[in-house]
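Visitor: Have a look at this prediction, sequence included:
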2 protein chains.
Amino acid sequence: MTIDMEIICVGNELLIGKTLNTNAQWIAQQATTTGINVKRVTVIADDINEIAKAIRETLSRKPQFAITTGGLGPTFDDKTLAGMAKALNRKLAVNTEALKMVKEKYETYARKKGAGTVELTQARVKMATLPEKAEPISNPVGTVPGIRVDLADSFDGVARCSLGNESHLQRNGSTAA
Amino acid sequence: MTIDMEIICVGNELLIGKTLNTNAQWIAQQATTTGINVKRVTVIADDINEIAKAIRETLSRKPQFAITTGGLGPTFDDKTLAGMAKALNRKLAVNTEALKMVKEKYETYARKKGAGTVELTQARVKMATLPEKAEPISNPVGTVPGIRVDLADSFDGVARCSLGNESHLQRNGSTAA
């Protein structure tokens, strides 16, 4: 059986040609190595409507998996989670588990710097504000957790669709299957 | 007025991660520099149906321009022209002007090598077999002509949509506007 996957890359920097899309190549390599068929890569802007549209279009093509990369950070231009929530008709809510992951990261950073208590600023809480029923994935190389969304119940014909991010892939060198 | 453009990259090598998509970055840079807004990059396989589907989807989003890159060469896996013809419901036919361009290229190569007459093999004719009403664009850096298709008459709401290839862009350092 062929396992089809699509990659969605979010980032204005890719669309203006400032940044070379090495993430897409990296993910494609990892997926191909494990026998997954990468059917399409879509690059879109840091825009909630564009992200939501691209995710909906991707899901309508019914790949077994989709991986998004980019736009998960703490700043105002990181809109992937909001776009994902919109695409899936789910609300955004602070995920306790994700918040714990973010907090632990900043505590580790603070300890290394010999700093004091860690404040959970709005920007930090944002990284733990996920579409409902999303599962946070610990990120070993950065602060923001990855996200996995199982769409088996939501989309007819999609056997199982995970939306993850590349940080998770970097953790274990395999795809977010 | 914002001028929106989409880029469609065709090539299995991109989807398996063998090749880094420097073409997309290059085109995005050129377009951005001239004030064009690159809305989306889509990467798809060397497959007629995939190409046709991606082109149709791109046109349905009504950008003012779309540029395709890849899949114009002489070999069996170069399927962009066939995919384009399918997307536009146009027949493929040998374009006299394009054939002349291809022939002249091979004659130049032959002269440089001191070789004799140039044979227009099936593979060479393939590069001049364009969707009907497509306009060939001379390619200064390679053999295969670029293609421009004006869709003003074909697609409601698309003011003017050109499908070009990056070789043309390399000629004059500007977009195929």
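Guide: Yep, it's here. Residues are numbered from 1 along each chain as shown, chains lettered A, B, ... in the order given.

Visitor: Which strand or helix spans residue A:77?
Guide: Under DSSP states H and E, no helix or strand contains residue A:77.

Visitor: show me what contacts the residue lying closest to it once chain neighbours are set aside?
Guide: Counting by Cβ to Cβ, 6 or more residues apart in numbering or on different chains, residue A:77 lies nearest to residue A:46, which is 4.7 Å off, once chain neighbours are set aside. (Each C-beta comes from the backbone N, C-alpha and C, glycine too.) With contacts defined as Cβ atoms under 8 Å, 6 or more residues apart in numbering or on different chains, residue A:46 is in contact with A:10-12, A:70-71, A:77-79.

Visitor: residue ranges with poor pLDDT in chain A?
Guide: Where chain A drops to pLDDT under 70, the residues are A:152-177.

Visitor: one step back: which of the contacts of residue A:46 are buried? Put it as a ChimeraX command.
Guide: Typed into ChimeraX, the line below selects the buried ones among the contacts of residue A:46, using 16 or more other Cβ atoms under 10 Å in any protein chain shown:
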select /A:10,11,12,70,71,78,79
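
Visitor: Spell out the secondary structure type for the nearest residue to residue A:143 once chain neighbours are set aside.
Guide: Distances taken as Cβ to Cβ, 6+ apart put residue A:105 closest to residue A:143, at 4.7 Å, once the chain neighbours are dropped. Residue A:105 carries the three-state label helix when classified by DSSP: H, G, I helix; E, B strand; the rest coil.

Visitor: quick one: residue A:105 and residue A:135, what's the gap?
Guide: 18 Å (Cβ to Cβ, to the nearest Å).

Visitor: Neighbour count for those two, which is higher?
Guide: residue A:105 (20 against 16; other Cβ atoms under 10 Å in any protein chain shown).

Visitor: any idea how far residue B:120 is from that one?
Guide: For residue A:105, the distance to residue B:120 - Cβ to Cβ - is 64 Å.

Visitor: What number of residues are in the vicinity of the nearest residue to residue A:94 once chain neighbours are set aside?
Guide: Residue nearest to residue A:94 in three dimensions, not counting chain neighbours: residue A:129, with 5.3 Å by Cβ to Cβ, 6+ apart. Around residue A:129 sit 16 other residues, with neighbours defined as other Cβ under 10 Å.

Visitor: wait, isn't residue A:129 in contact with residue A:93?
Guide: Yes - at 6.8 Å, residue A:129 and residue A:93 qualify as touching, with contact defined as Cβ atoms under 8 Å.

Visitor: Can you pull the residues of chain A lying near chain B?
Guide: Within chain A, the positions adjacent to chain B are A:14-22, A:24-32, A:38-45, A:50, A:54, A:57 by Cβ under 8 Å from any Cβ of the partner chain.

Visitor: list the contacts for the closest residue in space to residue A:82 that isn't next to it in sequence?
Guide: Spatial nearest neighbour of residue A:82, chain neighbours left out: residue A:48 (4.9 Å); criterion: Cβ to Cβ, 6+ apart. Counting by Cβ under 8 Å, 6+ apart, residue A:48 makes contact with A:79, A:82-83, A:86.

Visitor: Ok, residue A:106 next?
Guide: A:118, A:120, A:124, A:143.

Visitor: Could you give the number of residues near residue A:91?
Guide: Neighbour number of residue A:91 under other Cβ under 10 Å is 10.

Visitor: Might you report the residue contacts of it?
Guide: Contact analysis of residue A:91 by Cβ under 8 Å, 6+ apart lists A:85, A:131-132.

Visitor: ok, of the residues you listed, which one's closest to chain B?
Guide: Nearest to chain B, judged by Cβ to the nearest Cβ, of the contacts of residue A:91 is residue A:85 at 20.6 Å.

Visitor: Tell me where chain A has helices.
Guide: A:12-15, A:22-33, A:48-60, A:80-88, A:96-113, A:122-126, A:166-172 (DSSP state H).

Visitor: Adding distance to residue B:4, write those helices out as CSV.
Guide: Output for these, formatted as CSV (distance: least, Cβ to Cβ, whole Å):
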stretch, distance to residue B:4
helix A:12-15, 11
helix A:22-33, 21
helix A:48-60, 11
helix A:80-88, 19
helix A:96-113, 35
helix A:122-126, 29
helix A:166-172, 27
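
Visitor: what about those, which gets the closest to residue B:151?
Guide: helix A:48-60 (20.7 Å; Cβ to Cβ).

Visitor: what angle do the closest one and helix B:48-60 make?
Guide: 150 degrees (axes from the mean of the first three to the mean of the last three Cα atoms, to 10 degrees).

Visitor: tell me which residues of helix A:48-60 are tucked away?
Guide: A:48, A:50-55, A:57-59.

Visitor: Next, the most far-flung residue of chain A relative to its centre: phi, psi?
Guide: Using Cα atoms, centre = their mean, the residue of chain A lying farthest from its centre is residue A:114. It sits 31.0 Å away. The phi/psi pair for residue A:114 (degrees, to the nearest 10) reads phi 70, psi 30.

Visitor: Now do stretch A:112-120: distance to the chain's middle.
Guide: Counting by Cα atoms, centre = their mean, to the nearest Å, stretch A:112-120 is centred 27 Å from the centre of its parent chain.

Visitor: Buried residues of that stretch, list them for me.
Guide: Buried residues in stretch A:112-120, counted by 16+ other Cβ under 10 Å: residue A:118.

Visitor: what residues does that stretch touch?
Guide: With Cβ under 8 Å, 6+ apart as the criterion, stretch A:112-120 contacts A:99, A:102-103, A:106-107, A:109-110.

Visitor: Alright, calling it a day.
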